[in-house]
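K.L.:
Need a 3D model of the sequence below.
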Amino acid sequence: MDQETAQILFSEGAVLVLLDVPPGTEFGIDYNAWNTGPNFKGVKMIPPGIHFVYYSARSGRGSDVAPRSGFFYNFKAKEVLVKKWDRLQEDITSGGVSQEEVERIQSNKKELDRYLGAYPYESYKKWVSMTNHITEPVMESLQPINKTICSVAQFVSERSDTKTRKEDAIKTTDKTTVSHDDDDPRLPKMDTIPGTQIRFSEIPKKKYPEGATPSEITKYSIDSSYVTVKIIQSKNLPSNHILGEVQFAFICFLIGQTYDAFEQWKLLVHMLCTSEEAMADYPALYNEFISMLHFQIKDIPEDFFIDIVSRNNFLTSTLQLFFSNLESSGISENVLQRGLKFRDNLTKRFKWDFTTELDEDAPVVVE
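P.N.:
Residues are numbered from 1 along each chain as shown. Predicted structure coming up:
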């Protein structure tokens, strides 16, 4: 970072103050993570905008690490955000910090400065390219109500006792044999704690409009445009909100380690790639979608890509359909050329050939 940028960030950048964080805790912001030391009290010089803060508690012996938790936050210029470590919950919270304490910290930033780590500005450009569609409305609409994103779903047991579970087991045994896929009635019933789930868009099961003709049913069973447009219009937000959700899901699974987010990312990418009609109707959206996919695929580690993303050939077969739709959808020349350039880039990097039609509808690997 040059001296001029450092001075600007020092005066205009935001500060995240974290009190009472135990030494050895895994802590990160955006693409940067560390193990905290005994004097750690937060991060300074944070560029204004949306960032992802995450952390994992360690056991007293330092070997076991708790599942990752985190939150998105839109930092304002010169803002000082104060949070505290809850030792009982092993979590970061705004509770337990009085207004008086916040004001004292804000008025003594210089004294606190030596206990704050500087935001690694060298990775900021990459972060912006991966989150440029995550606006504050997008963030607020998707974050869990409790504002915390957990890599492991949080469950609560329905109230029951040994007697009620035994009665349920007897009833089930009297009716039929329990299959392996059914819940065992002898165990407590578990539900996700309300307010802890990411509020992703629900993708409609019905892929065609009410009263559709047989030909429309056939068309929209292959072309996902009806579903894509319905989601776009239901949000009452700009059309590129859907791109913000794709980016939000990507960050949640890649950095937040949330598997449900990975599943949502796959669903949204496949939906957009198979929306042939929408490609012609929303050229600006698809222009940005191609750029977004370029940065995301570029960011996925090679071993992660091979082991997870390409499992069952999801991404390669989806992109095969996408490039085929691009060339037949009557889309603008600008978007078409960008898409073909993206295709060539993937072929060069991964040795995929998207030009050969296969019975399995998937690209082949060029030897």
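K.L.:
elements contacting the helix or strand where F248 lies?
P.N.:
Using DSSP states H and E, F248 falls within helix 241-254. With contacts defined as 3 or more CB pairs under 8 Å, 6 or more residues apart in numbering; DSSP states H and E, the packing partners of helix 241-254 are helix 124-131, helix 136-142, helix 225-234, helix 259-273, helix 283-299. No exception for glycine: its C-beta is placed from N, CA and C like everyone else's.
K.L.:
now these in TSV, with mean pLDDT and distance to I331?
P.N.:
Conversion of those to TSV gives the following (pLDDT from 0 to 100; distance: least, CB to CB, whole Å):
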stretch	mean pLDDT	distance to I331
helix 124-131	95	23
helix 136-142	94	25
helix 225-234	92	12
helix 259-273	94	13
helix 283-299	93	6
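K.L.:
for the stretch 101-250 of the chain, which spans come out with low pLDDT?
P.N.:
Confidence mapping of the stretch 101-250 of the chain against pLDDT under 70 gives the ranges 154-192.
K.L.:
mind listing the strands for it?
P.N.:
Taking DSSP state E, counting those that start in this stretch as the test, the strands found in the stretch 101-250 of the chain are 117-118, 149-150, 155-157, 190-192.
K.L.:
Strand partners (parallel or antiparallel) of the second one?
P.N.:
Based on DSSP bridges, the strands next to strand 149-150 in the sheet, each with its direction, are strand 69-75 (antiparallel).
K.L.:
ok, the helix or strand that the partner strand is followed by: who's next to it in the sheet?
P.N.:
Scanning forward in sequence from strand 69-75 by DSSP H and E, the next helix or strand is strand 80-86. Strands flanking strand 80-86 in the sheet, each with its direction: strand 14-19 (parallel), strand 91-93 (antiparallel) (DSSP bridges).
K.L.:
Mean pLDDT lowest where, among those strands?
P.N.:
Between these, the lowest average pLDDT goes to strand 91-93, which shows a mean of 88.
K.L.:
for that one, which positions count as buried?
P.N.:
Within strand 91-93, the residues scored as buried using 16 or more other CB atoms under 10 Å are 91-92.
K.L.:
cool, and stretch 31-51?
P.N.:
31, 36, 40-47, 49-51.
K.L.:
Then stretch 289-306?
P.N.:
For stretch 289-306, burial by neighbour count (16+ other CB under 10 Å) applies to 289-290, 292-294, 296-297, 300.
K.L.:
repeat for stretch 344-357
P.N.:
By neighbour count with 16+ other CB under 10 Å, stretch 344-357 contains the buried residues 346, 350, 352, 354.
K.L.:
Skipping adjacent residues, who's closest to I255 in space?
P.N.:
With sequence-adjacent residues excluded and distances taken as CB to CB, 6 or more residues apart in numbering, I255 is closest to F52, at 6.1 Å.
K.L.:
circling back to that earlier point, please convert the buried residues of stretch 31-51 to a markdown table, extending it with distance to E277, pLDDT and secondary structure.
P.N.:
Compiled in a markdown table, these are given as follows (distance: CB to CB, whole Å; pLDDT from 0 to 100; DSSP: H, G, I helix; E, B strand; the rest coil):
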| residue | distance to E277 | pLDDT | secondary structure |
| --- | --- | --- | --- |
| Y31 | 37 | 93 | coil |
| T36 | 51 | 93 | coil |
| F40 | 53 | 94 | coil |
| K41 | 54 | 94 | coil |
| G42 | 49 | 95 | strand |
| V43 | 46 | 96 | strand |
| K44 | 49 | 93 | strand |
| M45 | 46 | 92 | strand |
| I46 | 42 | 95 | strand |
| P47 | 39 | 95 | coil |
| G49 | 34 | 96 | strand |
| I50 | 32 | 97 | strand |
| H51 | 37 | 97 | strand |
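K.L.:
ok, so of those, who is nearest F200?
P.N.:
Taking CB to CB as the measure, F200 sits nearest to I50 out of those, at 17.4 Å.
K.L.:
Now that closest one. Nearest residue, chain neighbours left out?
P.N.:
Once chain neighbours are set aside, the closest to I50 by CB to CB, 6+ apart is N74, at 4.9 Å.
K.L.:
And the pLDDT for that neighbour?
P.N.:
At N74, the predicted lDDT confidence score is 97.
K.L.:
which residues touch it?
P.N.:
Contact analysis of N74 by CB atoms under 8 Å, 6 or more residues apart in numbering lists 49-50, 136, 139.
K.L.:
can you check R114 too?
P.N.:
So, once contact is read as CB under 8 Å, 6+ apart, R114 ends up touching N39.
K.L.:
one more time with 10 Å, if that's ok
P.N.:
The neighbourhood of R114, defined by CB atoms under 10 Å, 6 or more residues apart in numbering, consists of 39, 41.
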